[in-house]
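Visitor: here is a sequence together with a model predicted from it:
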Amino acid sequence: MRIELIRHVGLYSPTVRPGRRSVAHLCMSSSVDSSVLDNALGEIILNRPQALNAADSSMTQHVSSVLRQWREDSLVKACVLRSSSDRAFCSGGDVKAIALSLQENRESSLPSEALGNEYKLIVELSNMNFPTIAIMNGVTMGFGIGLGCSCRYRVVTEKTVMAMPENGRGGGEERRGLAALTGARYRALP
């Protein structure tokens, strides 16, 4: 599947094996790994499997930083966004961290910062100057749907489970974006 995606965006070369890492760029944080492969394919791997890749502020900031660097770097011709785990692509924002922050301080700025970072990343990803591909394998919820659907190409598998739990509590602005990006129609249920 990966070779076919790379062929589709014009980066496949029989002399370059997909998966070989270039030493030119390899960046790792505790929850995000990023690298540029020999064929100019940038790869961002969400690597927080114990939390089903729930996106915390450091994770969204790191992905944004990598994308900004690649936007300016002419060596990257396309980007794949995927998970290190088959269990989840991204289960949404890190609601647990936000709840703990609010328990400690009712005036915490973390909720607005986290939501702001998430939406900035979605906008940044949807405006990249090269093709972006999301492999949305496993649990994909809330912000994970927004993140994946902001990519130009979206791949779901037989293991993909999608949900928008924020719709039940009045949130979920991503559903409008999902409909706009995919052409899907949605209907609010009572």
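Guide: Yep, it's here. Numbers count the residues shown, from 1 in each chain.
Visitor: pLDDT score for the nearest residue to Ser126 once chain neighbours are set aside?
Guide: Nearest residue to Ser126, sequence neighbours excluded (CB to CB, 6 or more residues apart in numbering): Ser150, at 4.2 Å. Any C-beta I mention is one placed from the backbone N, CA and C, and that applies to glycine too. Here, the pLDDT recorded for Ser150 equals 94.
Visitor: quick check, Cys36 in contact with Leu75.
Guide: One correction, residue 36 is Val, not Cys. Yes - in this structure, Val36 is within contact of Leu75 by CB atoms under 8 Å, at 6.2 Å.
Visitor: ok, these two, which is more surrounded?
Guide: Relative neighbour count places Val36 above the other of Val36 and Leu75, with 24 against 11, counting by other CB atoms under 10 Å.
Visitor: that one pairs with what?
Guide: In this structure, Val36 has the following beta-bridge partners (DSSP bridges): Gly42.
Visitor: count the neighbours of the residue nearest to Ser126 for me.
Guide: Using other CB under 10 Å, Ser150 has 23 other residues around it.
Visitor: test my guess that Thr132 contacts Arg154.
Guide: No - with the criterion set as CB under 8 Å, Thr132 and Arg154 do not qualify as a contacting pair; they are 9.4 Å apart.
Visitor: so what's Arg48 up against?
Guide: When contacts are counted by CB atoms under 8 Å, 6 or more residues apart in numbering, Arg48 touches Ser30, Ser31, Ala54, Asp56, Met59.
Visitor: so for these, which is the shakiest by pLDDT?
Guide: Comparing pLDDT over these, Ser30 scores lowest. The value there is 71.
Visitor: ok so, going back, so which of the contacts of Arg48 are in helices?
Guide: Among these, the subset assigned to helices under DSSP state H consists of Met59.
Visitor: tell me which of the contacts of Arg48 is nearest to Ser91?
Guide: Proximity to Ser91 was ranked across those by CB to CB; first place goes to Ala54, at 5.0 Å.
Visitor: if I look at the closest one, how far off is Ser84?
Guide: Taken as CB to CB, to the nearest Å, the spacing of Ala54 relative to Ser84 amounts to 14 Å.
Visitor: and what of Val32?
Guide: Taking CB to CB as the criterion, Val32 is separated from Ser84 by 10 Å.
Visitor: which one's more surrounded, those two?
Guide: Remark: of Val32 and Ser84, Val32 carries more neighbours, 23 against 15, as counted by other CB under 10 Å.
Visitor: which residues touch the more buried one?
Guide: Applying CB under 8 Å, 6+ apart, one finds that Val32 lies in contact with Ile44, Ile45, Leu46, Asn47, Met59, His62, Val63, Val66.
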